[in-house]
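Asks: Kindly return the folded structure for what I paste below:
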Amino acid sequence: MIKEWKSCKKGDEFCPVSFKKYGFLFWTIFMLCGIAAIAVNYVFDSPLLLGLYGYPVVLLSLMRVRNSVLVVLGGILLGSLLLTRTPDALHLSVIAAYAILMVIVRRVVWVSSRNYNEKNEQEDLLLNTVLSLAKTIDAKDPYTAYHSSNVANYAKKIAKEMGLSNREIDSIYLAGLIHDIGKIGMPDSILQKEGRLTEEEYAIMKKHPEEGYKIIKDIQRLQELGITDMVLYHHERPDGKGYPHALTGANIPIGARILGVADAYDAMTTNRSYRQKLAIETAANEITRNIGTQFDPIAANTLIEILVLEGKIQKEEKSMLSTTFSVAN
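Replies: Residues are numbered from 1 along each chain as shown. Predicted coordinates:
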């Protein structure tokens, strides 16, 4: 989980002025601006040209360097004003003004960076809390132990086989881990009931996607990654008979469609309080039979391909499943 979370955040730097991203470009611009400012003021004697020093001063203040390095480079840059002209009140006041500007910009960058890092730490803490709650859900019901982890792993395999980007794959995996977080508020009498749910109980259970969404909707990073929508819509169906909003087809986020297939497959192939687990072949047949109605065609067929590749069903069985699907449609 930690690896996927860091991967989703990778490359999102607070300040691009470092060698990690565009730093080489910024350092080059800084050097060119500094050299140009020094050269122009050496050749021409005009107070207006002292404004050229503003560019390298601000760029240097934004650089991700130690304060000692900042002082040395700043001293060299501003000290050049004393080398090109005889020191006077104007040059000394300009040096002082630029030194103050450098301190102000540096302070703004430091405060912004601190707030950014604190925000990331809070997001990490919130995610760990949410994941702990998700694990609590599985622990409450021995029949669904490891369900969230299983769904996350199946969904990750499907997403990878479908050729989605690494960021999308990791996001879908994380969504799988917390897709049932809304069940934390469901009564134990419903979660652990030995037997099928009544209509009233099922109506309560159907609220868990919305309850889960409410829990995580304020975590900005999860919103940006689309994880909040995956949790909200993982029980939607292509035919519009899903819940909570009866979305259809492509209106359902791809991550939610993948989770829907992974969730159903794990539910069928693990023991439940009201029935024993189904054989993999039976579960695969059920998924194939409901392609286009309950399950997204691409995600469902990809899962079947994975089961073949892993040797859990044979190619001949896959052909029979495909034939069954063709006849049914």
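Asks: for Arg257, what are its contacts?
Replies: 236, 238, 295-296, 298-299 (C-beta atoms under 8 Å, 6 or more residues apart in numbering). For the C-beta atoms, the positions are set from N, CA and C on the backbone; glycine is no exception.
Asks: Quick check: it vs Ala155, distance?
Replies: From Arg257 across to Ala155, the span is 10 Å (C-beta to C-beta, to the nearest Å).
Asks: where does the stretch 1-150 of the chain have low pLDDT?
Replies: 1-23, 84-85, 126, 141-145 (pLDDT under 70).
Asks: all helices for it, in order.
Replies: Along the stretch 1-150 of the chain, the segments classed as helices by DSSP state H, counting those that start in this stretch run 2-9, 23-43, 54-62, 67-84, 89-140, 147-161.
Asks: Tell me which of the ones you listed sits nearest to His208.
Replies: helix 89-140 (9.2 Å; C-beta to C-beta).
Asks: Determine the set of other helices and strands touching the closest one.
Replies: Counting contacts by 3 or more C-beta pairs under 8 Å, 6 or more residues apart in numbering; DSSP states H and E, helix 89-140 packs against helix 2-9, helix 54-62, helix 67-84, helix 147-161, helix 166-178, helix 188-191, helix 208-216, helix 220-224.
Asks: Specify the angle between it and helix 54-62 in degrees.
Replies: 40 degrees (axes from the mean of the first three to the mean of the last three C-alpha atoms, to 10 degrees).
Asks: How far off centre is helix 89-140?
Replies: 19 Å (C-alpha atoms, centre = their mean, to the nearest Å).
Asks: Same check on stretch 308-317?
Replies: 33 Å.
Asks: my guess is Glu210 contacts Gly182, does it?
Replies: Yes. Glu210 lies in contact with Gly182 (C-beta atoms under 8 Å); the separation is 6.7 Å.
Asks: Mind checking which of those two has more residues around it?
Replies: Using other C-beta atoms under 10 Å, the more surrounded residue of Glu210 and Gly182 is Gly182, with 24 against 14.
Asks: Run a quick neighbour tally on Asp188.
Replies: 9.
Asks: The one 4 residues further on now?
Replies: Counted with other C-beta under 10 Å, residues neighbouring Gln192 total 14.
Asks: In this structure it contacts Lys140, no?
Replies: Yes. Counting by C-beta under 8 Å, Gln192 touches Lys140, with 7.2 Å between them.
Asks: domains for the protein, by residue range?
Replies: Annotated domains of the chain cover 12-118, 141-328 [automatic domain parsing].
Asks: Please identify the most buried of the ones you listed.
Replies: domain 141-328 (a mean of 18; mean count of other C-beta atoms under 10 Å).
Asks: Out of the contacts of Arg257, list just those in strands.
Replies: Of the contacts of Arg257, none are assigned to strands by DSSP state E.
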